[in-house]
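> Provided below are the primary sequence and the corresponding predicted coordinates.
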Amino acid sequence: KQEVTQIPAALSVPEGENLVLNCSFTDSAIYNLQWFRQDPGKGLTSLLLIQSSQREQTSGRLNASLDKSSGRSTLYIAASQPGDSATYLCAARYNFNKFYFGSGTKLNVKP
Amino acid sequence: NAGVTQTPKFRVLKTGQSMTLLCAQDMNHEYMYWYRQDPGMGLRLIHYSVGEGTTAKGEVPDGYNVSRLKKQNFLLGLESAAPSQTSVYFCASSIDSGHYGYTFGSGTRLTVV
């Protein structure tokens, strides 16, 4: 069974700091990988989607990279803000019904 | 706003009661999914549908049933609720098999006492 792991489980940083969230997956035969943001008591908001043929995707202050050979993806957040505080989830898609989530990284950006 | 809408947002059930969760999407997506989210376990797929009139089991289907009578709606039913079904339930949809990613609803928080 494919597994998706996110490290660290929680992260607290001061405002303005650049940070990296990590996501690893056991099976490198993924179709794509998607990063989501989840606010407390809310649903999942899609941040970035990286296809298996791509190395990275960027949206504003967010940059996600994908290295299939090593089974890793990173989400880079530049100049973090208190509004970035949320749980960040990565999900690796192997098929339409094989879309595996990590347990998330809970980020707290302190003013 | 276009997207995935889930109703209800919150519900408390007594053990043995039944209920139906409704998911509606207005994006003309073919594929729809039901997930549950539990602390420390991430999201797990319960059931999914690849089109109107079709349903299939996911990773944790026991105790749940689903129906997709209309393309835009995907219903999740609990026939006899158990405390182990206390969870947050998310519906998602995708235009195809996931190449363009997934869109999630805001979730239903269900407590079974």
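That came in fine, so what should we check first?
> just the element for residue 100, please.
Because you didn't say which chain, this covers chain A. Using DSSP states H and E, the element containing residue A:100 is strand A:98-101.
> off-centre distance for that strand?
In terms of Cα atoms, centre = their mean, to the nearest Å, the centre of strand A:98-101 is found 13 Å from the chain centre.
> each with direction, which strands does it pair with?
strand A:86-95 (antiparallel) (DSSP bridges).
> quick one: contacts for residue A:66?
A:33, A:50, A:52, A:54-56, A:72-73 (Cβ atoms under 8 Å, 6 or more residues apart in numbering or on different chains). In this view, the C-beta of every residue, glycine as well, is placed from N, C-alpha and C.
> residue A:103 too?
A:5-6, A:9, A:89, B:40-42.
> got a winner among the residues you listed for most neighbours?
In terms of neighbours by other Cβ atoms under 10 Å in any protein chain shown, those top out with residue A:89 at 25 neighbours.
> that residue against residue A:36, yeah?
Yes: using Cβ atoms under 8 Å, residue A:89 makes contact with residue A:36 at a distance of 4.5 Å.
> where does the prediction get shaky in chain B?
Residues of chain B that meet the criterion pLDDT under 70 lie in B:1-2.
> what does chain B put close to chain A?
Chain B comes close to chain A at residues B:31, B:33, B:40-43, B:45, B:48, B:50, B:56, B:58, B:90, B:92, B:94, B:96-107, B:109, as judged by Cβ under 8 Å from any Cβ of the partner chain.
> is it possible to mark the buried ones in those residues?
Buried members of these, scored by 16 or more other Cβ atoms under 10 Å in any protein chain shown, are B:31, B:33, B:42-43, B:45, B:48, B:50, B:58, B:90, B:92, B:94, B:98, B:101-107.
> circling back to that earlier point, right, and the helix or strand after the strand holding residue A:100?
That would be, after strand A:98-101 and using DSSP H and E, strand A:105-110.
> for the residue nearest to residue A:54 when sequence neighbours are not counted, give its distance to residue A:89.
Once flanking residues are discounted, residue A:54 sits nearest to residue A:66: 6.4 Å by Cβ to Cβ, 6 or more residues apart in numbering or on different chains. As judged by Cβ to Cβ, to the nearest Å, residue A:66 and residue A:89 stand 16 Å apart.
> my guess is residue A:49 contacts residue A:57, does it?
Yes: the pair residue A:49 / residue A:57 is scored as a contact, 6.7 Å apart, by Cβ under 8 Å.
> thinking again about what came up before, SS state for the residue nearest to residue A:54?
strand (DSSP: H, G, I helix; E, B strand; the rest coil).
> so how far is residue A:94 from the nearest residue to residue B:51 once chain neighbours are set aside?
Excluding the flanking residues, the one nearest residue B:51 by Cβ to Cβ, 6+ apart is residue B:30, at 5.2 Å. Noted for residue B:30: a distance of 19 Å to residue A:94, by Cβ to Cβ.
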